[in-house]
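S.K.: Let me see the structure of the following:
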Amino acid sequence: MRVVVYSPADCVAGDLLRRALRSVKAVKNMEFQDTIAGFSEALRQAPGEVAVAVVLVAGRRELLELLAVREIFADLPMILVLPDGAEQTIGLGHRLNPRFVSFSHGELSHYADVLAVLVRMLERAEDGGEFGRVAEGEIRTAACGRCA
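M.R.: The predicted structure is shown next:
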């Protein structure tokens with residue numbers, strides 16, 4: 001099983017997230033992509049092998065680009081890291097149907113929620129568990145007032 005990670009190049013938050021993700025011992029096969037085209041291609045190559053996608057979005061324009069190709073990862077469990085907690089950003093992010101939403105932080109330790117959720121998702125995948133579709137109101141988020 002693979003974990004495919006998207007975070008844009010030259011993004012401080014993305015660099016911190018990549019460092020945090022590399023510390024997760026449970027992940028044996030993690031692939032990092034810094035373009036949406038590369039991310040899309042990585043998901044197309046062997047879709048059955050991808051267990052989870054982790055997506056860090058640097059801005060709304062990028063979020064709109066991901067929405068344009070969302071059919072590629074429509075049924076894939078996703079952890080989404082948004083750039084801010086603005087209502088419009090959160091609304092657009094929820095259209096990607098993530099299993100978990102968090103926000104970009106300036107410190108490595110602030111990605112503990114993402115790491116914990118990733119480990120749990122991988123445990124479920126290894127146990128043959130199904131993630132299933134989640135209704136928008138049931139998506140668990142970190143500090144997202146829309147879903148509380």
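S.K.: Give me the nearest residue to L76, chain neighbours excluded.
M.R.: Excluding the flanking residues, the one nearest L76 by CB to CB, 6 or more residues apart in numbering is A53, at 5.2 Å. For the C-beta atoms, the positions are set from N, CA and C on the backbone; glycine is no exception.
S.K.: May I have the beta-bridge partners of that neighbour?
M.R.: V4, M78 (DSSP bridges).
S.K.: Tell me how many other residues crowd it.
M.R.: Here the number of neighbours of A53 (other CB atoms under 10 Å) works out to 24.
S.K.: Now do it, the pLDDT please.
M.R.: Looking at A53, its pLDDT reads 93.
S.K.: Now do the contacts for it.
M.R.: 3-6, 39, 43, 73, 76-79 (CB atoms under 8 Å, 6 or more residues apart in numbering).
S.K.: How about A42?
M.R.: Counting by CB under 8 Å, 6+ apart, the residues that A42 touches are 4, 31, 33, 50.
S.K.: one step back: for the contacts of A53, give me JSON lines that also has pLDDT and distance to E87.
M.R.: Formatted as JSON lines, those follow (pLDDT from 0 to 100; distance: CB to CB, whole Å):
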{"residue": "V3", "pLDDT": "92", "distance to E87": "29"}
{"residue": "V4", "pLDDT": "93", "distance to E87": "28"}
{"residue": "V5", "pLDDT": "94", "distance to E87": "26"}
{"residue": "Y6", "pLDDT": "94", "distance to E87": "23"}
{"residue": "F39", "pLDDT": "94", "distance to E87": "26"}
{"residue": "L43", "pLDDT": "90", "distance to E87": "28"}
{"residue": "F73", "pLDDT": "85", "distance to E87": "24"}
{"residue": "L76", "pLDDT": "90", "distance to E87": "26"}
{"residue": "P77", "pLDDT": "93", "distance to E87": "25"}
{"residue": "M78", "pLDDT": "95", "distance to E87": "20"}
{"residue": "I79", "pLDDT": "95", "distance to E87": "21"}
